[in-house]
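> Fold the following for me, if possible:
(2 chains)
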Amino acid sequence: DVKVTQSSRYLVKRTGEKVFLECVQDMDHENMFWYRQDPGLGLRLIYFSYDVKMKEKGDIPEGYSVSREKKERFSLILESASTNQTSMYLCASSPSGELFFGEGSRLTVL
Amino acid sequence: AQKITQTQPGMFVQEKEAVTLDCTYDTSDPSYGLFWYKQPSSGEMIFLIYQGSYDQQNATEGRYSLNFQKARKSANLVISASQLGDSAMYFCAMRALYQGAQKLVFGQGTRLTINP
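Residues are numbered from 1 along each chain as shown, chains lettered A, B, ... in the order given. Predicted structure coming up:
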């Protein structure tokens, strides 16, 4: 079975803090994605990566950056967290097409 | 640009009834794929069913079927004989090409509640 692991299920951070969300997949997938999920808005794509060291902006990249130094790991970085970044963050990986999701990381920024 | 629309924020259905969750899409790509995911209260996203734009028949997976009407650009999910465990958020998604790579575009979701 494909396993996508997100490092933290729940985080509470303060405004201005730097936040790292880590995601690891064990199926050698080329593609990895970061989405945020908010009520009434569905899942919105923040960034994705189709290869090591490659990254592409999604629909809402502002305030975020990503890192993919190894194929299995895709990190989402909030350089200076703000309260409007309080959300559920979902990581996913894919060989092509279907996405395999992690359990999500619920971030609260105070 | 590709877009998915789910017009039902919430639905309430009696147990054992069939339920249809609506999904319409917009794309200019000739080749695309449509997905449905279920998200229970625990938060994980569970893949349910997939339909390719060139598939001749509607996809089925157990109690799930996808009513694909290409001319109307709709891809409704039908759940037969609903169960209490079907209560969850349901998301429709479309595979789209973006800057040479594939990504999934999601709708807003429909919260389904099955009543005993």
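> Can you tell me, leaving aside adjacent residues, what's nearest to residue B:13?
Excluding the flanking residues, the one nearest residue B:13 by Cβ to Cβ, 6 or more residues apart in numbering or on different chains is residue B:19, at 4.6 Å. Yep, even glycine has a C-beta here, placed from its N, CA and C like the rest.
> Specify the beta-bridge partners of the one you found.
Per DSSP bridges, the residues bridged to residue B:19 are residue B:79.
> Sheet partners, orientation included, of the longest strand belonging to chain B?
Longest strand of chain B, by residue count under DSSP state E: strand B:88-98. The pairing partners recorded for strand B:88-98 under DSSP bridges are strand B:33-39 (antiparallel), strand B:101-106 (antiparallel), strand B:110-115 (antiparallel).
> thinking again about what came up before, now do the same contact list for the residue nearest to residue B:13.
By Cβ atoms under 8 Å, 6 or more residues apart in numbering or on different chains, residue B:19 lies in contact with B:11, B:13, B:78-79, B:82, B:86, B:112.
> Point out the residues in chain A that sit beside chain B.
Counting by Cβ under 8 Å from any Cβ of the partner chain, chain A comes close to chain B at A:31, A:33, A:35, A:40-45, A:48, A:50, A:56, A:58, A:88, A:90, A:92, A:94, A:96-101, A:103-104, A:106.
> Could you measure from residue A:44 over to residue B:19?
26 Å (Cβ to Cβ, to the nearest Å).
> The lowest-mean-pLDDT helix or strand in chain A - contacts with which helices or strands?
Among the helices and strands of chain A, strand A:56-57 carries the lowest confidence by mean pLDDT, DSSP states H and E, at a mean of 91. Using 3 or more Cβ pairs under 8 Å, 6 or more residues apart in numbering or on different chains; DSSP states H and E as the contact test, the elements touching strand A:56-57 are strand A:42-49.
> That'll do, ta.
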